[in-house]
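1. Could you work out the structure for the sequence below:
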Amino acid sequence: MGVRHALSVVLVDVNDEVVTAWRSAFADTPEVEIRRGSLLDVGADAWVSPTNERGRMDGGVDAVVKRHLGAGIQVRVQRAIRDGFGGRLPVGSAVCVPSGADVPRYLISTPTMRQSSQNVSDTMNVALACAAAFQAVHLQNRAKPGSIRSVALVGMGAQTGQVPAQVCANLMWTGYTLFHNHGFADYDELRAAVLRQLDDIEGAGSARRVRINVPQRPSFRH
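-> Purely as a prediction, here's the structure:
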């Protein structure tokens, strides 16, 4: 497997409510850096852009990233979705493609919704998408060790997905923690683990983090 390198994680968003919610949800994970600002200003190896199942980069952060990196980035994302997933990228999966730029070197696209604009506030999609993004980092580093040492994520689903800021932060914490503590062979295994634990978030309350309870087992990541 090679040497497992430490991964620097930055959460960045222009939405003050999301940033405040992150600071609460990630209070016991000081290794995660939280910033208020634009994803475009983060000099990470990889950016994570929430997308839709077709990889159409026509709204939200996707559109901002496409304007910044050029139209070719959507072509690469959609080609990866076609080649790896038959043209539709399920929620709880992701693709990682070269960005064509020096910063970031990679773009990770992970769907929070099926269509370009969809209310996903009563779903687990944010947790699934966040965990899938980290799985994509792992798979890229497994294929090319050390290629992604830093990654930046925005508030998933908080804009076009209409997910309340605190719920967004709670679910992103869940997705991060799930992947940080456990190794998964593929996206199917990852999705199954999240779905087992988060069968209903509606009763969790906006102030309480959604905790996970996956039996600890040795991670295959090294």
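
2. remind me, longest helix of this protein?
-> Assignment by DSSP state H gives helix 125-143 as the longest helix of the chain.

3. For that one, enumerate the helices and strands it packs against.
-> For helix 125-143, the packing partners by 3 or more CB pairs under 8 Å, 6 or more residues apart in numbering; DSSP states H and E come out as strand 46-52, strand 95-98, strand 106-113, strand 150-153, helix 165-181, helix 187-197. Heads up, the C-betas are built off the backbone N, CA and C, glycines and all.

4. For residue 79, which of the ones you listed is the nearest?
-> Taking CB to CB, strand 95-98 is the member of the helices and strands packed on helix 125-143 nearest to residue 79, at 7.9 Å.

5. buried sites along the closest one?
-> 95-97 (16 or more other CB atoms under 10 Å).

6. on that earlier part again, can you dump the C-alpha coordinates of the longest helix of the chain into CSV?
-> The C-alpha coordinates for helix 125-143 follow below in CSV (Å, rounded to 0.1, in the frame of the first residue of the first chain):
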residue,chain,number,x,y,z
ASN,A,125,-26.6,13.1,0.9
VAL,A,126,-24.2,15.5,2.5
ALA,A,127,-22.6,12.9,4.8
LEU,A,128,-22.4,10.5,1.8
ALA,A,129,-20.9,13.1,-0.4
CYS,A,130,-18.3,14.2,2.2
ALA,A,131,-17.2,10.6,2.9
ALA,A,132,-17.0,9.9,-0.8
ALA,A,133,-14.8,12.9,-1.3
PHE,A,134,-12.3,11.5,1.2
GLN,A,135,-12.6,8.0,-0.4
ALA,A,136,-11.6,9.7,-3.7
VAL,A,137,-8.5,11.2,-2.0
HIS,A,138,-7.6,7.8,-0.7
LEU,A,139,-8.1,6.0,-4.1
GLN,A,140,-6.0,8.7,-5.9
ASN,A,141,-3.2,8.3,-3.3
ARG,A,142,-3.4,4.6,-3.6
ALA,A,143,-2.9,4.9,-7.4
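
7. Put together CSV for the helices and strands packed on helix 125-143, with mean pLDDT and distance to residue 65 on each row.
-> Output for those, formatted as CSV (pLDDT from 0 to 100; distance: least, CB to CB, whole Å):
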stretch, mean pLDDT, distance to residue 65
strand 46-52, 95, 5
strand 95-98, 98, 12
strand 106-113, 92, 7
strand 150-153, 98, 11
helix 165-181, 88, 18
helix 187-197, 83, 22
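
8. center of the chain, which residue is that?
-> The C-alpha lying nearest the average C-alpha coordinate of the chain belongs to residue 130 (CA atoms, centre = their mean; 3.2 Å).

9. Make sure it is actually in contact with residue 155.
-> No: counting by CB atoms under 8 Å, residue 155 is not a contact partner of residue 130; they are 10.3 Å apart.

10. Report the set of residues contacting both of those two.
-> residue 172 (CB atoms under 8 Å, 6 or more residues apart in numbering).

11. From the structure, what's the count of residues near the closest residue to residue 191 other than its chain neighbours?
-> Computed as CB to CB, 6 or more residues apart in numbering, the closest residue to residue 191 that is not its neighbour in sequence is residue 92, at 3.7 Å. Using other CB atoms under 10 Å, the number of residues around residue 92 comes to 25.
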